[in-house]
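S.K.: Any chance you can model this:
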Amino acid sequence: MTNSRAAVMKRATRLENVFFSTTFDPFSFSFCLILGRFEKGRIYTFIGEVVVSMNPYKNLNIYGRDTIEQYKGRELYERPPHLFAIADAAYKAMKRRSKDTCIVISGESGAGKTEASKYIMQYIAAITNPSQRAEVERVKNILLKSNCVLEAFGNAKTNRNDNSSRFGKYMDINFDFKGDPIGGHINNYLLEKVSHEGFSFFGSPFLKILFVQLLQGGSDQMLRSLHLQKDASAYNYIRAGAQLKCSNNDGAEFKAVADAMKVIGFKQEEIQTVYKIVAAILHLGNLKFSVDGDTPLIENGKVVSVIADLLSTKSDMVEKALLFRTVATGRDVIDKQHTEQEATYGRDAFAKAIYERLFCWIVTHINDVIEVKNYDNTIHGKNTVIGVLDIYGFEIFDNNSFEQFCINYCNEKLQQLFIQLVLKQEQEEYQREGIPWKHIDYFNNQIIVDLVEQQHKGIIAILDDACMNVGKVTDEMFLEALNNKLGKHAHFSSRKLCATDKILEFDRDFRIKHYAGDVIYSVTGFIDKNKDTLFQDFKRLMYNSSNPVLKMMWPEGKLSITEVTKRPLTAATLFKNSMIALVDNLASKEPYYVRCIKPNDKKSPQLFDEERCRHQVEYLGLLENVRVRRAGFAYRQTYEKFLHRYKMISEFTWPNHDLPSDKEAVKKLIECCGFQHDVAYGKTKIFIRTPRTLFTLEELHAKMLVRIVLFLQKVWRGTLARLRYKRTRAALTILKYYRRYKVKSYIREVARRFQNVRSMKDYGKHVQWPTPPKVLRRFEEALQTIYHRWRASELIRSIPPKDLPQLRAKVAAMEVLKGHRADIGLQRAWEGNYIALVSASAVINAKKRGKLPMAGVQDTRKDKYMNVLFSCHVRKVNRFNKVEDRAIFITDRHLYKMDPMKQYKVMKTIPLYNLIGLSVSNGKDQLVVFHTKDNKDLIVCLFSKQPPNDSRIGELVGVLASHFKRSKRSLQVSVTNPVQCSLHGRKCTVAVETKLNQSQPDFTKHRSGFVLCVPGN
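M.R.: Residues are numbered from 1 along each chain as shown. So this is what the prediction gives:
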């Protein structure tokens, strides 16, 4: 066992010592454990799978990425108690067993429930989607941002809590089979539904967070457009809470809420509509009513115009809806005037309804964005859920009204669920499974739940009956009905039933003994708040608004005043139904609990009110939970599922056992591990007492799982490899025969197309080659090369032998000069010895004079050459800048420079072995430079008289290149302009320039060498 695992076991042992000590005292638990951990900054404590959370009233650095990594994938007791541990446990249970789970966060107002829910959401978002899928990241971002928006609209700052939840929120997070969030759904339980006179904070020290954010964080331009000012005390609805100083940065939070709404998907015009609605509510609270005789009036009429502008309706319609009520009597419709009190009531009810519709619209919009769409279990795998419940906590104020009654009823329902699942069901399970068990007494608050919600007998039923009675029904009459029907109930009392209890007021107060303590409620306003009626005039007013968002919020406004509608359910019944549905939803999931405790009422991080905490520990059921956990077992599971998870640990159960039953197999497995003294065997389940045993089983499971996975991977990879080999072999066989077929087909086609090429004039030049298969592309190139060589040999065979030297010379010239000079002279016949082509008359005249004109040429016979390669008249320039007309005479052994004016007397002889290269220009001129080994280059310009302007550069280069090639010697041919040369070791250049008025080519001196001027035409 590693050191880290040993440390984990040590911590687990210390934790067990707290629960399983024989000297355990519940009140010592309250004081020693929680107080001791709180003073050390340890705000979390485990009781089984319940996390006890103390509100530290300060920021703690225990929620960062490093902390998340410490709890990711760990078992519940492996790390110190933390919210992340319970969140990870719920996530693992959901992912491992494909079981829906939920995390229920409960406690008093101000105990830190909202912050706990945010940290749980933060943890789940951090550990999911390791592959960074964009859609999953979008869903996670929206789920996190929705908290910011809902808190701004649903929470309030009170004298006891800076972020008091005035709404309950249950969020289902949907996960795919890989454990990544793919969507969700939010149910809200807004207290504005059960409050009266507008909002729950009217006339009381409550301040809606969004209102102060808008007033303090909105820009001056925005506030002007909404006709608002920054001073909260200027608005009646929030004046009482204006003295509550907000410690947070309202400007930054206001911007954060706006940014969050954009991320969620609210359009800019929708966000602007939200601000207008909030501003209209504030302005509604400033309306003042009076009566002139029998006519109701609005004293500050300008505010009506502002409200009408913000709600996109007409001011006269707003004023009429505030001062009159349209009543249908049969077929007649009349406008009934309001009294001042009725007008005030209608205004406040209207404001409350607007805010409720706004909040519900926001929740619906968020649900539309994050709802799972087009999910098919057969394709995408099972869709599992983690639910997170963050709901208002138990409240006891100096004046408790209908709102506190509903809140405390909600907490009674949740406490009943906790008792049912954690205390009652656990003990009943031990008895049902035949496990020896001593019953532990606990307070079952079902009697209080029945007191509130029982059909026909509960407080809600009595309240609904009172609201449905015809005639004037007062709150006092409702209290009288409670006294008559509930007078004998042990958890209900009033001044009439207990005349000596002077704390209760006659005809006003009644007391309920809640699980969290006694609460005195004032019946004042119960009837009106429960009816929750809103005049139909306001609904029609909002439905006729030109703002589409407002119109959407009030669909019932389209009903005509004469249409008869069903009586709506009362506020209390609606709330009761929603609580019953919530508890049923939670009961269908595997629950995990976070019990939040408030250390003091002064929001102090140092103060620990022992009596306050002791009271919370008692009513939260933590003492009974500890007793049950001490006497019970930390883990239980059916034999079938236990074997399914741990059967690989023992050779007797892996892969399948041959024992009589799963129970016997589990016993054998436990005995192999040596844990038989720490377990109990029920009828259908195994019970494990201590977490250490479970840790060890999980460790063995993890080790064996690695080996099994490796084995399965080996087998599967081998199977895949064999399948791939068979497929590959089959594919190669098919490919071999297919290639053979394609090759044969190609060869047959080539043979068919070229079978008669010998009889064709062009020897098959026009024949189109078939497209070869890819494998024969190189073969096709070789075949075409063979064909072209054959065709060339056939063409050469048809050429007369005397023309072959000229053909070879032209080929050599083309190889050297093609692409470098435009005119090579391939189209004409190459004569070679142009000097010998003197006119017939010149020869005849020379014979008459008794002299040959080519006596110098006859002298070259002494060199015993075999062939004359080339001869031509030239114009040359020497190193002394002297330009003269000469002739060159090239044989297979020498190059001769001759003087045509002296019967072609040989002026200079250059052996061909001394010639190393030629340089010509890239134009149409006839410049040639003969490069020699002794750096005595010969610079000449060819010219012809018969025919004039005949280009002979290509012929000269071709015959020399061909001759050198046959002699197996190299001849460098350079095509440049200017041409580089050397005259007796002196480097110089010869450039070519074109002149329009130039009649013949001529050399001129230049500072870098020479310039050959050629005619431009």
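S.K.: Give me the neighbour count for the residue lying closest to H514 once chain neighbours are set aside.
M.R.: Leaving aside its sequence neighbours, H514 sits nearest to N408 (C-beta to C-beta, 6 or more residues apart in numbering; 5.7 Å). No exception for glycine: its C-beta is placed from N, CA and C like everyone else's. By other C-beta atoms under 10 Å, 25 other residues sit near N408.
S.K.: Now that N408 has come up, it's in contact with A516, right?
M.R.: Yes: if you go by C-beta atoms under 8 Å, N408 and A516 touch, sitting 7.5 Å apart.
S.K.: residues shared between the contacts of those two?
M.R.: F394 (C-beta atoms under 8 Å, 6 or more residues apart in numbering).
S.K.: end-to-end on stretch 974-993?
M.R.: The stretch stretch 974-993 measures 18 Å between its terminal residues, going by C-alpha to C-alpha, to the nearest Å.
S.K.: Report the rounded mean pLDDT for it.
M.R.: The pLDDT scores in stretch 974-993 average 89.
S.K.: Next: stretch 685-699.
M.R.: Computed over stretch 685-699, the mean pLDDT rounds to 81.
S.K.: and the helix ranked longest in the chain, what other elements does it pack with?
M.R.: The longest helix of the chain (DSSP state H) is helix 691-753. Where contact means 3 or more C-beta pairs under 8 Å, 6 or more residues apart in numbering; DSSP states H and E, helix 691-753 is packed against helix 3-20, helix 639-646, helix 662-673.
S.K.: let's see it at 7 Å
M.R.: Counting contacts by 3 or more C-beta pairs under 7 Å, 6 or more residues apart in numbering; DSSP states H and E, helix 691-753 packs against helix 3-20, helix 639-646.
S.K.: Out of those helices, which gets the lowest mean score?
M.R.: Comparing mean pLDDT over those, the weakest stretch is helix 3-20, at a mean of 44.
S.K.: residues in contact with K262?
M.R.: With contacts taken as C-beta atoms under 7 Å, 6 or more residues apart in numbering, K262 has no neighbouring residues.
S.K.: Give me the secondary structure label for it.
M.R.: Per DSSP: H, G, I helix; E, B strand; the rest coil, the secondary structure class of K262 is helix.
S.K.: repeat for D335
M.R.: Quick answer, by three-state DSSP: D335 is strand.
S.K.: orientation of the longest helix of the chain relative to helix 662-673 in degrees?
M.R.: Calculated by axes from the mean of the first three to the mean of the last three C-alpha atoms, to 10 degrees, helix 691-753 forms an angle of 100 degrees with helix 662-673.
S.K.: After helix 691-753, which helix or strand is next?
M.R.: Scanning forward in sequence from helix 691-753 by DSSP states H and E, the next helix or strand is helix 777-797.
S.K.: Could you export that next one as CSV, CA atoms only?
M.R.: The C-alpha coordinates for helix 777-797 follow below in CSV (Å, rounded to 0.1, in the frame of the first residue of the first chain):
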residue,chain,number,x,y,z
ARG,A,777,2.9,4.0,-65.9
ARG,A,778,6.7,3.5,-65.8
PHE,A,779,6.3,0.5,-68.1
GLU,A,780,4.4,2.7,-70.6
GLU,A,781,7.2,5.3,-70.5
ALA,A,782,9.8,2.6,-71.2
LEU,A,783,7.5,1.1,-74.0
GLN,A,784,7.1,4.6,-75.6
THR,A,785,10.8,5.1,-75.4
ILE,A,786,11.4,1.8,-77.2
TYR,A,787,8.7,2.7,-79.8
HIS,A,788,10.2,6.2,-80.4
ARG,A,789,13.7,4.6,-80.9
TRP,A,790,12.3,2.1,-83.3
ARG,A,791,10.5,4.8,-85.2
ALA,A,792,13.6,7.0,-85.2
SER,A,793,15.7,4.1,-86.6
GLU,A,794,13.1,3.5,-89.3
LEU,A,795,13.2,7.2,-90.2
ILE,A,796,17.0,7.3,-90.2
ARG,A,797,17.1,4.2,-92.3
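S.K.: chain center to the helix or strand following that helix: distance?
M.R.: Scanning forward in sequence from helix 777-797 by DSSP H and E, the next helix or strand is helix 804-817. Between the centre of helix 804-817 and the centre of its chain there are 70 Å (C-alpha atoms, centre = their mean, to the nearest Å).
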